[in-house]
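1. pasting a predicted model and its sequence here:
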There are 2 protein chains.
Amino acid sequence: MVEINIIEKASSGEVLHEFGALNTLLFVIILGMCIVCAYLIKEYRFYYLPESGAAMIVGLIVGACARLFYPSRKEMEFLRFNKLLFYFFLLPPIIFEAGYSLHRKNFFDNFSTILLYAVLGTMVSTFIIGYLTFYAGQAGWISIDTSSPLEALLFGALISAVDPVATLSILGNPELNLDPLLYSLVFGESVLNDAVSIVLFNTFLKFYESGKEFTPTAVGMLLVEFSLISLGSVACGFVTGLGCSLLCKTTNIKKYPKYEIALLFLFAYGSYSLAEVMKLSGIMSLFFCGITMAHYNTTNLSKSSQVTSESIFQSFALAAEFFVFLYMGMGICVGQFGRWDFTFMILGIIFCLIARLFNIFPFSWIANLGRSQKIPFQMQVVLWFAGLRGAIAFALSQDMPGANREVYTTTTLTIVIFTTIVCGGLTEPLLKQTKLKIDDDEDNDDIAAEDEHGLLSTEISDHPPSPQITRRRQSSSEYMAPPNYLGSFWGNIDEKYLKPVFGGQIRRNQ
Amino acid sequence: MVEINIIEKASSGEVLHEFGALNTLLFVIILGMCIVCAYLIKEYRFYYLPESGAAMIVGLIVGACARLFYPSRKEMEFLRFNKLLFYFFLLPPIIFEAGYSLHRKNFFDNFSTILLYAVLGTMVSTFIIGYLTFYAGQAGWISIDTSSPLEALLFGALISAVDPVATLSILGNPELNLDPLLYSLVFGESVLNDAVSIVLFNTFLKFYESGKEFTPTAVGMLLVEFSLISLGSVACGFVTGLGCSLLCKTTNIKKYPKYEIALLFLFAYGSYSLAEVMKLSGIMSLFFCGITMAHYNTTNLSKSSQVTSESIFQSFALAAEFFVFLYMGMGICVGQFGRWDFTFMILGIIFCLIARLFNIFPFSWIANLGRSQKIPFQMQVVLWFAGLRGAIAFALSQDMPGANREVYTTTTLTIVIFTTIVCGGLTEPLLKQTKLKIDDDEDNDDIAAEDEHGLLSTEISDHPPSPQITRRRQSSSEYMAPPNYLGSFWGNIDEKYLKPVFGGQIRRNQ
């Protein structure tokens, strides 16, 4: 899609058209290569290279080839990471799919723990990385702005965004047969913490641009603003999702599956852009819109649309993920980045590991105080290790103000590559070591068969959990949900008032 | 998608982001309105306004509002019809879907008749409209370039493109219960003739720009070039489709439906851009790629992908169609068009009707010589009337060279509006009059039920025909395919050599 604006800038109509055709063909081929790589990785269970890492490497090769053989300025600009493309076309499908295919019970049962990691943990991480970077600057190890900690705090906020894309592409493999609790925690944290990072980053940026002093009062204001934005975004997504459900339930649109699917897309995208227009967090809104639609709207859809919506959102999210990692890979070679500071890169990686230590372990201890099913120590180690950074950190780094933007961007890129390839690649061995992966010898053909069965032949259930989650539940018989009073209160309202109006399967034992 | 390049041009990052968010929200709302309108039209069987006409009217209203309330230059540019957006994102899904959901038996049984209308008929129509316009210019009725007939012939070529989008949105209604022969002819002609028009237009344009004389030798060259481009495009689409089928059949990609769907999209889009890069006709290639994939690849897909691919291509085509008609509607109000020539508009409509007279009636007579099932006179009248012009004519008109571009554009737009709203709206009464619509009193809820059944519960058949086509077949028991020797020769090769390699259901009685 990015080619439009590039080719628009070219001179004559004929040239435009050819440039567009050639580049779309190239993109189709490159994206096809990524999908084939991902397929091979899955098929031959080669877990040492995550899919996202493969896409990045393909991007790197393409970027290098482009630089060698066709280094025109126009071509280079075409291959460059485009923030608006990212925010408006690549990020939305990824986040919506995360909400739509979420196993809601596991997520909400562990909601308070996830909130601890995602909100308080991210704040702690931001301040630790920020101040460590600031002191490293003051000590003269790295050359950044040392007049105020704000620039370093901006970096702290952006690099605290744990990426759901990379994390899911590794831990989401059904063959890994992951502990369901671990999956819920990692996934839930990575999805929610993006929004936290983005809001923190934007708030620091406002401070930076206003030139005000960074006082404790300001921190208080920041917390209030953050809470308001979060609540508003959740409400926005929830209301949009309910609107879609109401429309599908009360009309006969079920008879025209093509309209249904188009409406789903429009409402999902609407929740994102509505939140952005109201200066809320688009991705938080989109995520909760996905959850709401999956919860209420699934039973309102025609059978064919149920199947279609499930697989099409997955495909879109997949393509968007590949695009993002491709772009990052290409970015390295396209010569967008001039200044690389090796000390900062190594320090950055160390700071990230330290900060995540102070996020996971203390907050796990606090969470364990209130949980009936404790989070064991080895799971905390995996949680610490699974903090992969990705596209959101990279996109935010391009918004860094001041003269040192390039250094921050290259450092962020290094951390993204390091965590994706090194941490991502070592996750599977670590899971084996900590016994959190349950080995099974069944052929995974069964899973595919089960998958088709689950999608097509079952009765319409309330957005049936995907087979891997079913398996995970079965495989860990000790799994017990913590008591959740708010949850059961909400459950009552949901069953008695919301589901009858908006759709969704009403529990029989209610 | 178009907003990217507009917002890119805006100055600061913050402003960009807001402009993007606001405009995507607006687009979501407008497109949503179109879908709701279309749903209401279908639900209440209001056939006097085709869906495409409704979208155009919505666009007109939006354009008028934008002009009144928010007439900034940036906003106006954003609402303007964008040719590259049209060719690279809106047209491909429409054409691919036409091929993918085509009832191949009906289409190929009548292939020679369709070719007569689409190739020879379009050429006749081009020359008649071109020379009539040229003589009207020489007579001083309209102010165009009268030094050479080439400019007028360019107009003749572009206005001969009968639009499948508008035609299908009227005749494709399952409730119309149309005669299957009529449907095949109208649909087949409108799909193939676009490619013919585009190739003719581009060839005339080359002549125009080279400044050469337009001699009979040149016409011969033109015919040779046209044949080569057509054959090349068909081959390109066929080979791409076979490539996709082979990949899906020989690998285990079936186990990962999200990869399958992504690959389908990539191959489809690849066939389009590959053809464009080779300077062939992208839409012809795409159309035949759709046919090939539906024929061979359907049985290679997992069940969920079969359902998904069918409905997702429909949804995409639908959204793209609405976009196109919306854009045309908005274009009228956005003040893109300065010069309107009312004489030319009226003459243009008359010329189109005359030219189509000389296309349909003589070629139907020729076709009837070789057909066992003759095309009756009242069907010829409907064929003549169903020549709706649409987005392709409009997009081509923006490529017109010379000083009179604006006059041609406004005339084309008028003809598009006239044929869509007047001819489109009168098609249903005409069908009733000519008894080509078989009235039935069954409630169309049955159709929806049948639809779901057909999609989900049947055995995997060879891309099962959609219920309306099944019905059409049942309702006209007199339907007999003309003898088709080439067809049966090809059928043998297909069953014996191609299907075993590339997939597709092998006929049992073979």
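-> Everything's here; your move. Fair warning: this is a prediction, and the values are worked out from it, not measured in the lab.

2. C-terminal to the helix or strand harbouring A:Leu185, what's the next element?
-> Per DSSP states H and E, A:Leu185 falls inside helix A:180-210. Once the chain leaves helix A:180-210, the next helix or strand it forms, by DSSP H and E, is helix A:216-250.

3. now the helix or strand following that next one: average pLDDT?
-> Per DSSP H and E, helix A:216-250 leads on to helix A:257-277 as the next helix or strand towards the C-terminus. For helix A:257-277, the mean per-residue pLDDT is 91.

4. now do helix A:257-277: which elements does it pack against?
-> helix A:91-100, helix A:216-250, helix A:282-292, helix A:303-333, helix B:13-43, helix B:303-333 (3 or more C-beta pairs under 8 Å, 6 or more residues apart in numbering or on different chains; DSSP states H and E). C-beta: built from backbone N, CA, C; applies to glycine.

5. if we use 6 Å, what do you get?
-> If contacts are counted by 3 or more C-beta pairs under 6 Å, 6 or more residues apart in numbering or on different chains; DSSP states H and E, helix A:257-277 sits against helix A:216-250, helix A:282-292, helix A:303-333, helix B:13-43, helix B:303-333.

6. distance-wise, check the residue most central in space within chain A relative to chain B.
-> By C-alpha atoms, centre = their mean, chain A has its centre lying nearest to A:Pro164, at 3.1 Å. Here A:Pro164 is placed at a distance of 16 Å from chain B (C-beta to the nearest C-beta, to the nearest Å).

7. does the helix holding A:Leu185 come close to chain B?
-> No. Helix A:180-210 lies out of reach of chain B by C-beta under 6 Å from any C-beta of the partner chain, never closer than 9.6 Å.

8. cool, stretch A:309-328 as well?
-> Yes. Using C-beta under 6 Å from any C-beta, stretch A:309-328 reaches chain B at A:311-312, A:314-315, A:318-319.

9. how about the helices in the stretch 301-450 of chain A?
-> Secondary structure of the stretch 301-450 of chain A by DSSP state H, counting those that start in this stretch: the helices cover A:303-333, A:342-370, A:377-385, A:391-397, A:405-417, A:424-433, A:445-452.

10. tell me which of these sits most buried.
-> helix A:391-397 (a mean of 26; mean count of other C-beta atoms under 10 Å in any protein chain shown).

11. what's in contact with it?
-> Helix A:391-397 is contacted by residues A:83, A:86, A:158-159, A:161, A:194, A:201, A:324, A:328, A:408-409, A:412, A:416 when judged by C-beta atoms under 6 Å, 6 or more residues apart in numbering or on different chains.

12. the helix or strand harbouring A:Gly491: what's the following helix or strand?
-> Using DSSP H and E, A:Gly491 sits in helix A:485-493. Downstream of helix A:485-493, the next assigned helix or strand under DSSP H and E is helix A:499-502.

13. and the helix or strand harbouring A:Ile170 with helix A:303-333, angle?
-> Element membership for A:Ile170, per DSSP H and E: helix A:164-171. Taking axes from the mean of the first three to the mean of the last three C-alpha atoms, to 10 degrees, one finds helix A:164-171 and helix A:303-333 inclined to each other by 110 degrees.

14. render the CA-only coordinates of helix A:164-171 in PDB, please.
-> Output in PDB follows, covering the C-alpha atoms of helix A:164-171 (Å, rounded to 0.1, in the frame of the first residue of the first chain):
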ATOM      1  CA  PRO A 164       2.700  -9.500  21.200                       C
ATOM      2  CA  VAL A 165       3.600 -10.300  17.600                       C
ATOM      3  CA  ALA A 166       7.000 -11.800  18.200                       C
ATOM      4  CA  THR A 167       5.900 -13.400  21.500                       C
ATOM      5  CA  LEU A 168       2.900 -15.000  19.900                       C
ATOM      6  CA  SER A 169       4.800 -16.300  16.900                       C
ATOM      7  CA  ILE A 170       6.900 -18.300  19.300                       C
ATOM      8  CA  LEU A 171       4.700 -19.200  22.200                       C
END
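
15. that one versus helix A:13-43: what angle between them?
-> Using the same axes, to 10 degrees: helix A:164-171 against helix A:13-43 is 40 degrees.

16. and helix A:164-171, what other elements does it pack with?
-> helix A:51-69, helix A:180-210.

17. deepest-packed of those, please.
-> helix A:180-210 (a mean of 23).

18. figure out which of the helices and strands packed on helix A:257-277 is closest to A:Pro362.
-> helix A:216-250 (18.8 Å; C-beta to C-beta).
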